[in-house]
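S.K.: how does the following fold in three dimensions:
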Amino acid sequence: MRPVLLLLAALVALPLPASADASNPWPAVDRFLQMNGCRISEAQLVDVLRAEGVDTWTINIMVTNYAKRDTVTFDNQTGTYRVTNTGICT
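M.R.: Below is the predicted model:
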């Protein structure tokens, strides 16, 4: 009986994998940026937001506002947003 309790205690102590969070999807966007050289296309941004559970109406607003941030520039050659001057992208 004791080994079963120890196993259960060990399972409870395991960290849960990151889960989608529609209320704050920006950490997922930041992780994507870190993995992709601080660049993200509009389609990729939409995919990340959708994976976080954000609804389509809110995604449209978020993408529009994202493009207006002073830390974001659009690169016409690559079709991606380049993020600079943030804690993640310099």
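S.K.: what pLDDT does P17 get?
M.R.: At P17, the model reports a pLDDT of 46.
S.K.: kindly report the same for T56.
M.R.: 94.
S.K.: can you count the residues close to it?
M.R.: Applying other CB atoms under 10 Å, we find 9 residues neighbouring T56. Using the backbone N, CA and C atoms, a C-beta is placed for each residue, glycine as well.
S.K.: okay, now the unreliable bits of this structure?
M.R.: 1-19 (pLDDT under 70).
S.K.: how does it look with 50?
M.R.: Within the chain, the set of residues satisfying pLDDT under 50 comprises 1, 4-17.
S.K.: mind listing the helices for it?
M.R.: Counting by DSSP state H, one finds helices in the chain at the ranges 2-13, 26-35, 42-51, 56-67.
S.K.: ok, the residue nearest the centre of the chain - contacts?
M.R.: Nearest to the mean C-alpha position of the chain, counting by CA atoms, centre = their mean, stands A28 at 1.5 Å. Going by CB atoms under 8 Å, 6 or more residues apart in numbering, A28 touches A18, A20, D21, V48, L49, A51, E52.
S.K.: in ChimeraX, select just the buried ones from the residues you listed.
M.R.: Here is the ChimeraX command that selects the buried residues among those (16 or more other CB atoms under 10 Å):
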select :48,49,52
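S.K.: farthest pair within the contacts of A28?
M.R.: Greatest spacing in those, by CB to CB: A18 and L49 (15.1 Å).
S.K.: let me see the contact set for the closest residue in space to Q34 that isn't next to it in sequence.
M.R.: Take Q34 and drop its neighbours on the chain: the residue closest to it by CB to CB, 6 or more residues apart in numbering is I88, 5.8 Å away. Neighbouring residues of I88 by CB under 8 Å, 6+ apart: D30, L33, Q34, C38.
S.K.: can you pull the contacts of the nearest residue to the last one once chain neighbours are set aside?
M.R.: Pointing back at C38 there. Nearest non-adjacent residue to C38, counting by CB to CB, 6+ apart: C89, 3.6 Å away. For C89, the contact set (CB under 8 Å, 6+ apart) comprises L33, C38, T71, V83.
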